[in-house]
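**Student:** Structure, please.
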Amino acid sequence: MSVETLFVMATFRAPENIGTNPQSMLWLLPLTAAIAVVYKATKLPKITAINFIKEVAVLFGSIIVFIAITALALHALAWLTTE
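**Tutor:** As a prediction, this is how the structure comes out:
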């Protein structure tokens, strides 16, 4: 095997270290975008570019808002239970 192949294989065997700080939550954005694109690509009966982009943007925004509301609610619950 070549060195490049071994390097690529090694990157999949070591987990990526993602911290628990607020900046690490930015990793949710590309994951959420991919989920929105794939979901809408499988659910829309007729795909046109403008309609598809609009639907994906709405779904992406609603997922991000739901994640933010859930995070704030869990943060408030943790704050109330530890005080």
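
**Student:** dump the residue contacts of Ala49.
**Tutor:** The contact partners of Ala49, by C-beta atoms under 8 Å, 6 or more residues apart in numbering, come to none. Placement of C-beta: from N, CA and C, glycine included.

**Student:** Tell me the spacing between it and Ile69.
**Tutor:** 31 Å (C-beta to C-beta, to the nearest Å).

**Student:** How about Thr32?
**Tutor:** 14 Å.

**Student:** Who has more neighbours out of these two?
**Tutor:** Thr32 (16 against 10; other C-beta atoms under 10 Å).

**Student:** who's in contact with the closest residue to that one other than its chain neighbours?
**Tutor:** Nearest residue to Thr32, sequence neighbours excluded (C-beta to C-beta, 6 or more residues apart in numbering): Ile63, at 5.1 Å. Residues in contact with Ile63 (C-beta under 8 Å, 6+ apart) are 32, 35-36.

**Student:** Just the element for Ile63, please.
**Tutor:** helix 49-82 (DSSP states H and E).
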